[in-house]
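>>> Quick one: sequence plus predicted model below, questions after.
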Amino acid sequence: MNKISGLKVAMHNLGCKVNSYEMDVMGQKLSAAGCEIVPFTDVADVYIINTCTVTNIADRKSRQMLHKAKKENPGAVVVAVGCYVETGMDGVKKDECIDLAIGNNKKSEIVSILEEFMAAREGSFDKTMGGKSVIDINATHEYENMRLSDLPEHTRAYIKVQDGCNQFCSYCVIPYARGRVRSRDMEDVLSEIKDLSAKGLKEVVITGIHVGSYGVDKGEPQLIDLLEKVNEIEGIERIRMGSIEPRLMSAENVERLARISKLCPHFHLSLQSGCNSVLKRMNRHYTAEEYMESVGLLRKAFDRPAITTDVIVGFPGETEEEFEECRKFAEDIAFYEMHVFKYSPRKGTVAAGLPDQLTDRQKSARSDVLIELTERDSKAYRESFIGEELKVLWEDEEEHGGANYMIGHTDRYVRVAVKEGTDAYKEAVSGEITSVVPSGMLNDETLLV
């Protein structure tokens, strides 16, 4: 007997693009099983929080959302799903706000797990249903097959092709939350994208936990092979890559990428530090010079590619000289966008036990320096496209200063706005791509047509 049909289910996602994809799939599965998916602000029968554990702040946000759900409806079933479950099981078991815990590699079974839990709710089932809903993620070599059955609510679709990570950077807990590298069958990926394209999808984002390692568990890297095949799918107009490491950008690989006509010239190359001594302590497997060379290859092969990155400030032992080396490196690169994170110790990682941990004040001061730098560089990059014809994938309407605007993004992920009442606005339909010529800036982050 179906114990969940008719239930109101509220869902909230935290974390990365992989989590976003998995949440979309879980939502579609629950909807197909007869559940009514409602906003998280509504009173629901079941609350599902897809958690994140990449930082201490992410852990705290996960707990806050779980507690908020139980406060909203004390009689509801509150379900913790994903990475926080994997790394914080002791806390999950003690937390009275959590009724059911589902680990990674079990999200695809959300319907059957929830049905069984609801059927036995009055019994003595524990939060992991006797271990059925959480496995030892570090012992599995099996890729959890998930698939979107319909277009997601957002304009572009994240397509997960890989899970797990083998890098073990000294500051990172993700390998313990997601396990080892596991790759999805290429034909299954292509089949999913073809089905979504037939339903009107224009842009796909190829993503994973360490997407550059796609295929290595099957014998050799296959990411570029996959991108070349996606490029052949009719109806898909844009292919975007998730975060990748600079080592992927060899001269041969960049030459292959440049021949993929639908590939967006937007590359998120993970940096973390522009100082070699810090990179070594982080257990990153490249040097600042190698990173710079990769960026140079991309800028030679693509016209003004959008180079974005992540940087951690205040890593244990980071001296003023090391930070200045990183700042100067970032200034020389002139990133389109730089996401700046203050180092946060994660229990169980090597870096948490390193000497010379920096103070919050030191980390904040260094973060402010890089944020000011990236805001300046980002604005200059956007302004360089004023007066040029740009193709924009339109997404949603927003209000600014009392006026309505349709918002979209270019292939370089530059944000563009067109004002209601203009000729360009009439053609700016969500999910469609049109050509416009921006004449100025709506604000520091948005070009204005």
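Yep, that arrived.
>>> pLDDT weak spots in the protein?
Scanning the chain for pLDDT under 70 picks out 1, 122-125, 130-131.
>>> Where is the longest strand in it?
In the chain, taking DSSP state E as the definition, the longest strand is strand 390-400.
>>> Tell me the strands beside that one, with direction?
Strand pairing for strand 390-400, using DSSP bridges, gives strand 403-409 (antiparallel), strand 433-436 (antiparallel).
>>> now those strands as a markdown table including distance to Leu7?
Every C-beta, even on glycine, is put in place using the N, C-alpha and C of the backbone. Shown next, in a markdown table, are the strands paired with strand 390-400 (distance: least, CB to CB, whole Å):
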| stretch | distance to Leu7 |
| --- | --- |
| strand 403-409 | 34 |
| strand 433-436 | 38 |
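>>> and those, which is most packed in?
Neighbour counts (mean count of other CB atoms under 10 Å) averaged over each of those peak at strand 403-409, with a mean of 20.
>>> Can you name the next helix or strand after it?
Where DSSP states H and E defines the elements, the next helix or strand beyond strand 403-409 is strand 415-419.
>>> Not counting that following strand itself, show me its contacts.
For strand 415-419, contacts defined as CB atoms under 8 Å, 6 or more residues apart in numbering pick out 382, 390, 392, 398, 400, 403-410, 424-425, 428, 436, 438, 442, 445-449.
>>> ditto for stretch 112-126
Outside stretch 112-126, the residues that touch it by CB under 8 Å, 6+ apart are 1-4, 7, 30, 33, 46, 77, 79, 93, 99-100, 102, 106, 129, 132-133.
>>> residues in contact with stretch 20-34?
Applying CB under 8 Å, 6+ apart, the contact partners of stretch 20-34 are 2, 4-7, 9, 11, 13, 37, 48, 50, 81-82, 107-108, 110-111, 114-115, 146-150, 152-153, 157-160, 207.
>>> ok, now stretch 398-406?
Defining contact as CB under 8 Å, 6+ apart, one finds that stretch 398-406 is touched by 394-397, 407, 417-420, 425, 428, 430, 442-443.
>>> Dump these into TSV; add distance to Ile193 as well.
Formatted as TSV, these follow (distance: CB to CB, whole Å):
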residue	distance to Ile193
Trp394	21
Glu395	20
Asp396	23
Glu397	27
Ile407	25
Ala417	29
Val418	29
Lys419	34
Glu420	33
Tyr425	30
Ala428	25
Ser430	20
Leu442	33
Asn443	34
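>>> right, and out of the residues you listed, which lies closest to Lys280?
Asn443 (39.9 Å; CB to CB).
>>> out of the contacts of stretch 20-34, which are inside strands?
In strands, defined here by DSSP E, the members of the contacts of stretch 20-34 are 9, 11, 13, 37, 48, 50, 81-82, 157-160, 207.
>>> ok, so of these, who is nearest Glu255?
Thr207 (23.5 Å).
>>> Which residue ranges of this structure form helices?
Assigned by DSSP state H, the helices in the chain fall at 17-32, 56-72, 83-87, 89-94, 110-119, 174-178, 186-198, 223-230, 251-258, 276-282, 288-301, 320-333, 360-383, 423-427.
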